[in-house]
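**Student:** Pasting the sequence and the predicted coordinates here, then a few questions.
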Number of protein chains: 2
Amino acid sequence: MGNLKVAKAHIRAENERIILDAAEAIFARHGFRGSTMQMIADQANLPKANVHYYFASKKELYRRVVEQIFGIWLQAANSFEQSDNPAEALRRYIEQKMEISRLRKNGSKVWANEVINGAPIIQDFLENQLTEWTDGRIEMIQKWIDDKKIRPINPRWLLYMIWATTQHYADFTHQVETLNAAEPLSKEQWEDATETVFQIIWAGLVPKSGT
Amino acid sequence: MGNLKVAKAHIRAENERIILDAAEAIFARHGFRGSTMQMIADQANLPKANVHYYFASKKELYRRVVEQIFGIWLQAANSFEQSDNPAEALRRYIEQKMEISRLRKNGSKVWANEVINGAPIIQDFLENQLTEWTDGRIEMIQKWIDDKKIRPINPRWLLYMIWATTQHYADFTHQVETLNAAEPLSKEQWEDATETVFQIIWAGLVPKSGT
DNA sequence: GTCTATATTTCGATAGAC
DNA sequence: GTCTATCGAAATATAGAC
């Protein structure tokens, strides 16, 4: 009896994972309304009714996908804390964000799609978790400024700049690859792009030596 | 007879304009598949059948909207040419891009949506016009580097950085406003953000005085 | 050129046999 | 837990009167 329960729970966990991965890919490519349960089922190699068996509605499935992405974002964001040295903290954060853009393109695209459309489904994430996290990071950056470790700039615009620049490589992959002779960026290009993003931002933050 | 033709042409031009504006707003908010001809008709204050009278299909209407946006982008991009001084040229370009983000949010969002989804409808723009324009601008920036006017960085990543940072304020308006206590950015905030973007990028490009 | 009514297709969701 | 068949609700597009 106990074994049966465990086996069934295992099947459920595995199928949910397969469907979530399939849904992320489809939602990233076609948006919420552009994606059909049939497409997701095909991507997962399951009959459409099975998808409905595990996720009651398309909306619930979508929300689970977005939740998953948001978790990864917040987790990476913690790297911000790990150093009191602004150069180190920013380098680590930019590197992590670029790494997520490289490895989790679909997640980033679903998020972008959702925000562009006014976040009809995940507004609560923006209002609660993201607002809290952002306010905390702004305080940290402001402290760096007060300590004259970086130039006085508005910390908020700096954060947006890092988000925009790093996520661009995930959200606009298709444009980036088209402009790269229809080829994905090579390992060297990813490293070079990451280094350039960090270098420009950091050089733009260093306090003027003469001041 | 001639007058009648002119009058009808006028009616057509005006109605097409009304429908295009309505469609841009709806497509920006709901994406291609999320938008219905009924929504567009309501936004334009016209019966649905009239929209079909002027635009044979939803796809044709969408393509016209994206074409319009792309024209505005390319036009603004010319400001890049107007100065041989990198600081001036970059400042003007960033200011223009931020101005478009402020005034033409919907256009930018439709474009972003389209690229995220793999540009199924406007791939030819990416392959032709955008590739040409980008290659030309990369040459210009490379010349600045050769002339030691700016530090040696990969010009392509610099362009992407400018695009990403400026368009973020249009595409992610909803997130930016949620993080701004649900208020649109004030005139002062727009100016401050623009200045910060330019300052960080430019300071990150100036050649080291000691080298 | 305008607009009501409707044909046709597609999709989300469920029933019910296995 | 799986899967076929199908319902009911939209949505695109068009026919045809004005």
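**Tutor:** Received the coordinates, thanks.
**Student:** How many residues are close by residue A:59?
**Tutor:** Counted with other C-beta atoms under 10 Å in any protein chain shown, residues neighbouring residue A:59 total 12. C-beta: built from backbone N, CA, C; applies to glycine.
**Student:** the helices in chain A, which residues?
**Tutor:** A:2-34, A:37-44, A:48-54, A:58-77, A:86-103, A:105-116, A:123-125, A:131-146, A:155-171, A:173-178, A:187-203 (DSSP state H).
**Student:** a markdown table for those, including mean pLDDT?
**Tutor:** Conversion of the helices of chain A to a markdown table gives the following (pLDDT from 0 to 100):
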| stretch | mean pLDDT |
| --- | --- |
| helix A:2-34 | 89 |
| helix A:37-44 | 97 |
| helix A:48-54 | 97 |
| helix A:58-77 | 91 |
| helix A:86-103 | 96 |
| helix A:105-116 | 97 |
| helix A:123-125 | 90 |
| helix A:131-146 | 95 |
| helix A:155-171 | 98 |
| helix A:173-178 | 98 |
| helix A:187-203 | 98 |
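**Student:** Deepest-packed of those, please.
**Tutor:** Mean neighbours per residue, mean count of other C-beta atoms under 10 Å in any protein chain shown, is largest over these for helix A:105-116, with a mean of 24.
**Student:** do it and DNA strand C meet?
**Tutor:** No: counting by C-beta under 7 Å from any atom of the strand, DNA strand C has no neighbours in helix A:105-116; the shortest distance is 14.9 Å.
**Student:** ok and that helix relative to helix A:2-34, angle-wise?
**Tutor:** With axes from the mean of the first three to the mean of the last three C-alpha atoms, to 10 degrees applied, the angle from helix A:105-116 to helix A:2-34 works out at 50 degrees.
**Student:** Point to the residue nearest the middle of chain A.
**Tutor:** Central residue of chain A (C-alpha atoms, centre = their mean): residue A:108, 4.3 Å from the mean position.
**Student:** That residue contacts residue A:69, doesn't it?
**Tutor:** Yes: with contacts counted by C-beta atoms under 8 Å, residue A:108 reaches residue A:69, the gap being 7.2 Å.
**Student:** what does chain A put close to DNA strand D?
**Tutor:** A:8, A:11, A:12, A:15, A:46, A:47, A:48, A:49, A:50, A:53.
**Student:** out of those, who's nearest residue A:158?
**Tutor:** Nearest to residue A:158 out of the residues of chain A next to DNA strand D is residue A:15 (C-beta to C-beta; 42.8 Å).
**Student:** Quick check: chain neighbours aside, which residue is closest to the closest one?
**Tutor:** Distance criterion C-beta to C-beta, 6 or more residues apart in numbering or on different chains; nearest residue to residue A:15, sequence neighbours excluded, is residue A:54 at 5.7 Å.
**Student:** Now for the one you found: which residues touch it?
**Tutor:** Listed by C-beta atoms under 8 Å, 6 or more residues apart in numbering or on different chains, the contact set of residue A:54 reads A:12, A:15, A:16, A:19.
**Student:** could you check the distance from it over to residue A:10?
**Tutor:** 14 Å (C-beta to C-beta, to the nearest Å).
**Student:** before we move on, back to that, which one is the residue nearest to the centre of chain A nearest to, not counting chain neighbours?
**Tutor:** Counting by C-beta to C-beta, 6+ apart, residue A:108 lies nearest to residue A:170, which is 3.6 Å off, once chain neighbours are set aside.
**Student:** wait, isn't that neighbour in contact with residue A:103?
**Tutor:** No: counting by C-beta under 8 Å, residue A:103 is not a contact partner of residue A:170; they are 9.2 Å apart.
**Student:** what sits against the closest residue to DNA strand D within chain A?
**Tutor:** When scored by C-beta to the nearest atom of the strand, chain A has residue A:49 as its residue closest to DNA strand D, at 3.1 Å. Neighbour list for residue A:49: empty [criterion: C-beta under 8 Å, 6+ apart].
**Student:** Kindly list the main-chain dihedrals of residue A:179?
**Tutor:** phi -80, psi 0 (degrees, to the nearest 10).
**Student:** Determine the number of other residues adjacent to it.
**Tutor:** Neighbour tally, residue A:179, other C-beta under 10 Å: 19.
**Student:** Test my guess that it contacts residue B:131.
**Tutor:** Yes: applying C-beta under 8 Å, one finds residue A:179 in contact with residue B:131, separated by 6.1 Å.
**Student:** can you list the residues of chain A near DNA strand C?
**Tutor:** So chain A meets DNA strand C at A:35, A:36, A:37, A:38, A:48, A:49, A:52, A:56, A:57, A:58, A:59 (C-beta under 7 Å from any atom of the strand).
**Student:** Could you report the pLDDT at the second one?
**Tutor:** Turning to residue A:36, the model gives it a pLDDT of 96.
**Student:** Which pLDDT value belongs to residue A:81?
**Tutor:** Value for residue A:81, per-residue pLDDT: 79.
**Student:** Please read the previous query as pertaining to residue A:209.
**Tutor:** For residue A:209, pLDDT reads 59.
**Student:** How much space separates residue A:113 from DNA strand C?
**Tutor:** 15 Å (C-beta to the nearest atom of the strand, to the nearest Å).
**Student:** Using the record's assignment, carve chain A into domains.
**Tutor:** As assigned by automatic domain parsing, chain A contains the domains A:1-56, A:66-203.
**Student:** which ones are touching residue A:8?
**Tutor:** Per C-beta under 8 Å, 6+ apart, neighbours of residue A:8: none.
**Student:** quick one: contacts of stretch A:131-143?
**Tutor:** Against stretch A:131-143 from outside (C-beta under 8 Å, 6+ apart): A:74, A:77, A:80, A:86, A:150, A:155, A:156, A:158, A:159, B:178, B:179.
**Student:** just stretch A:112-124 next, same as before
**Tutor:** A:27-28, A:31-32, A:59, A:62-63, A:66-67, A:70, A:125-126, A:167, A:171, B:28-31, B:34, B:109, B:112-113, B:116, B:171-172, B:174-175, B:178.
**Student:** How about stretch A:79-93?
**Tutor:** A:76-77, A:96, A:137, A:140-141, A:144, A:149-150, A:162, A:198, A:201-202, A:205.
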